[in-house]
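Undergrad: Structure, please.
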Amino acid sequence: MLLRILVLWLSLYSLSSKADTCLPNTEGLCTPEVLITEESVVVKTEEDKGTEIIFTETTTKTTTTTTITNEDSGNVLNLPDMAQDWGGEGPATMPTGNACYGLGTDTCAQITGSGNTTSNMGVEGMGTTFIQTVDISKLSIDNGGKVKYSIEVDKQDDQDRIYMHITGTNGGTTVFSGTDILSESGVSTGYQSYDGSFNFSGVLKSLTIEIGGRDINLAVGPLFDDVSVNVFYNVINTIIEQQITTVEEIVYLNIFDPVEIEFATEVIEFNDVVVDDAGDIKFEPIEPQQEEVTYETVEVEIQEIQTDFKVDIPEPEIQMAEMEMEMEIELEIEAELEETIEVASVEEPVEESTEKPVEETKEKPVEETKEEPVEEIPVESESSPEPVEEKPEEVEEPEEKPANEPSAKEKAATKIVKDIDDKERYDDTAQTKTLLVMQILGDTKTFFTPTQSFTEVDVGEYLNKTLEDQYGIFFDMAQENTIQEMINGQY
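TA: Numbers count the residues shown, from 1 in each chain. Sure, this is the predicted structure:
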């Protein structure tokens, strides 16, 4: 047994041009999209069983559909409006009313520390900090994203400073850490609203938000309120579909009868192979397109073919050898005739001189004409090769008229009938076409004309007559006259 296996791997390809925009280590937000990749594996086997060879082709098609979306966690801070002190490092106050200046009359936070140290989150130039740590592990952030923040600040003293710092972690591992200086010392800002963001990749489970700064002149320290921190993260859903298709082909080695093969070939030729949803195979006959046959279409077809038969065919030229032979025969015949005439003219005076006494006896000239052997002289001449009477026979032979040939119209009609396929000769279209050809040849175009009418005959008038009604005169004659009188009456 011969068994061969051929495996074909088709290259992996994507139906999207952005297939590599959101890998697991991508930092930041991915573009929302749907990625479809397909991988096909073709396995071909060939099994030789002696009497047959089985070819099997199995195609395994794997389709991977990846959907990428961006989700928003919302504000993750437990105390976003600074109604309560977050806690932190250094001195701070929580003023309200007009003491919050442009932040509104509700409670706000104020940095009052003038120190210059490094905060717990590693930020230098710190006098006071507000810190809040948030657990976001329930969001199941696994594919990176972006942390966005917003904060309202009112800095009355240009020499003060304020910053925003956020650190993201995955358990004990730092995922990202970022600091934005909102207003540096020496810059006059007053009331401002600030926005910023920090990108990250991979898994994110917690956030530490630190807001700090310095009150250098110890007059009115930096104020802030309405803090929000949102996490936008990538969500990737992957669906894998696998489709296996097996095609088996069996090649039998000379075990079928030719008749069976011919039958199978005809079945395939005149039927469509249909596979339904259940995988069952059935044959459906192929419906041939019926040709529209009318008197006009057949007449046009005959005229087209008839034109081909009307082409003048030049008569074959007489060969030079035949012409020379005929000329020789004509010359020989003319020579024989001239010789015969000369012999007759020499012998005629001799016969007249020998028969002068006969004229004196006053015999009838009719007898002289009977005794003249002028016409018999050519028979006595042995030099003539052929009898004179044979010339007309040879010359008249080509003048015989050939048998009547069919007209071009009849030839065209015959060709149309012969061109009908034997398998279709007895269907409706072929029978109609044949009948129309016969009508055209017989010039009976009005055969199917519906305007013809027939005179209706009253059959009942004849059926109601009795034998005596039809032959009553003979019965009357038989009663009044005898048979002889009837016979005489005929004359």
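Undergrad: What distance do you get for the residue found closest to I211 once you drop the neighbours it is linked to in the chain to K61?
TA: Excluding its sequence neighbours, the residue lying closest to I211 (CB to CB, 6 or more residues apart in numbering) is F130, at 4.7 Å. From N, CA and C alone the C-beta is placed, and that goes for glycine too. According to CB to CB, to the nearest Å, F130 stands 58 Å off from K61.
Undergrad: N70 now?
TA: Taking CB to CB, one finds N70 at 31 Å from K61.
Undergrad: ok, F130 and K61, which is more surrounded?
TA: Between F130 and K61, counting by other CB atoms under 10 Å, F130 is the more crowded of the two (22 against 15).
Undergrad: where does the residue nearest to I211 land on pLDDT?
TA: Confidence at F130, expressed as pLDDT, is 97.
Undergrad: same question, I286
TA: For I286, the predicted pLDDT is 79.
Undergrad: Give me the number of neighbouring residues for it.
TA: Residue neighbour count, defined by other CB under 10 Å, stands at 10 for I286.
Undergrad: what residues are up against it?
TA: F270, N271, D272 (CB atoms under 8 Å, 6 or more residues apart in numbering).
Undergrad: can you tell me how far the residue lying closest to the first one once chain neighbours are set aside sits from E292?
TA: Which is F270. Setting aside the residues directly before and after it, F270 is nearest to I286 in space (CB to CB, 6+ apart), at 5.6 Å. For I286, the distance to E292 equals 19 Å [CB to CB].
Undergrad: so what's L35 closest to, chain neighbours aside?
TA: T66 (4.1 Å).
Undergrad: Pull the contacting residues for the one you found.
TA: V34, L35, I36, T37, I236, N237, T238, I239.
Undergrad: Out of those, which is nearest to S407?
TA: Checking the contacts of T66 against S407 with CB to CB, the nearest one is I36 at 71.9 Å.
Undergrad: Next, the distance between the ends of stretch 25-36.
TA: The straight-line separation of the ends of stretch 25-36 (CA to CA, to the nearest Å) is 20 Å.
Undergrad: in that stretch, what's buried?
TA: For stretch 25-36, burial by neighbour count (16 or more other CB atoms under 10 Å) applies to T26, L29, C30, L35.
Undergrad: Pull stretch 158-166 out as CSV, backbone CA atoms only.
TA: Output of stretch 158-166 as CSV, limited to C-alpha atoms (Å, rounded to 0.1, in the frame of the first residue of the first chain):
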residue,chain,number,x,y,z
ASP,A,158,3.2,84.2,41.4
GLN,A,159,6.1,82.8,43.5
ASP,A,160,4.2,79.7,44.5
ARG,A,161,4.2,76.3,42.6
ILE,A,162,1.8,73.4,42.3
TYR,A,163,2.1,70.0,40.5
MET,A,164,0.1,66.8,39.7
HIS,A,165,1.7,63.3,40.0
ILE,A,166,0.2,59.9,39.3
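Undergrad: For that stretch, list every residue counted as buried.
TA: D158, D160, R161, I162, Y163, M164, H165, I166.
Undergrad: just checking, which of those residues belong to strands?
TA: Among the buried residues of stretch 158-166, the members found in strands (DSSP state E) are R161, I162, Y163, M164, H165, I166.
Undergrad: nearest to V42, of those residues?
TA: Distances from V42 to those, taken by CB to CB, are shortest for I166, at 52.3 Å.
Undergrad: so what's the closest one bridging to?
TA: G178, I209 (DSSP bridges).
Undergrad: Just send the contacts of I286 back as CSV, with distance to G196 too.
TA: Shown next, in CSV, are these (distance: CB to CB, whole Å):
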residue, distance to G196
F270, 77
N271, 74
D272, 68
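Undergrad: ok, of those residues, which one's closest to A335?
TA: For the contacts of I286, the nearest to A335 is F270 (77.0 Å; CB to CB).
Undergrad: Just give me the neighbour total for that closest one.
TA: Neighbour tally, F270, other CB under 10 Å: 12.
Undergrad: Now do the contacts for the nearest residue to G122 once chain neighbours are set aside.
TA: Computed as CB to CB, 6+ apart, the closest residue to G122 that is not its neighbour in sequence is S177, at 7.6 Å. The contact partners of S177, taken as CB under 8 Å, 6+ apart, are M121, G122, H165, I166, T167, G168.
Undergrad: which one of those residues is nearest L139?
TA: Distances from L139 to the contacts of S177, taken by CB to CB, are shortest for G168, at 12.0 Å.
Undergrad: give me the element the residue nearest to I211 is part of.
TA: For F130, the enclosing helix or strand under DSSP states H and E is strand 128-135.
Undergrad: Next SSE downstream of that strand?
TA: strand 145-155.
Undergrad: partners of that following strand, with directions?
TA: Applying DSSP bridges, one finds strand 145-155 paired with strand 190-200 (antiparallel), strand 223-252 (antiparallel).
Undergrad: Tabulate these in CSV, adding columns for mean pLDDT, mean neighbour count and distance to L207.
TA: Conversion of the strands paired with strand 145-155 to CSV gives the following (pLDDT from 0 to 100; neighbours: other CB atoms under 10 Å; distance: least, CB to CB, whole Å):
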stretch, mean pLDDT, mean neighbour count, distance to L207
strand 190-200, 96, 15, 10
strand 223-252, 93, 15, 7
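Undergrad: nearest to T107, of those strands?
TA: For T107, the closest of the strands paired with strand 145-155 is strand 223-252, at 7.7 Å, according to CB to CB.
Undergrad: Could you figure out how far that closest one is turned away from strand 128-135?
TA: Per axes from the mean of the first three to the mean of the last three CA atoms, to 10 degrees, the angle that strand 223-252 makes with strand 128-135 is 30 degrees.
Undergrad: what about stretch 274-293, start to end distance?
TA: Termini of stretch 274-293 sit 32 Å apart (CA to CA).
Undergrad: Buried residues, that stretch. List them.
TA: V293.
Undergrad: lowest confidence element among the helices and strands of the protein?
TA: The helix or strand of the chain with the lowest confidence, counting by mean pLDDT, DSSP states H and E, is strand 13-14 at a mean of 40.
Undergrad: Could you identify the helix or strand that succeeds it?
TA: Past strand 13-14, the next helix or strand by DSSP H and E is strand 33-48.
Undergrad: List the strands paired with that following strand, with their directions.
TA: Strand 33-48 sits in its sheet next to strand 2-9 (antiparallel), strand 13-14 (antiparallel), strand 52-75 (antiparallel), going by DSSP bridges.
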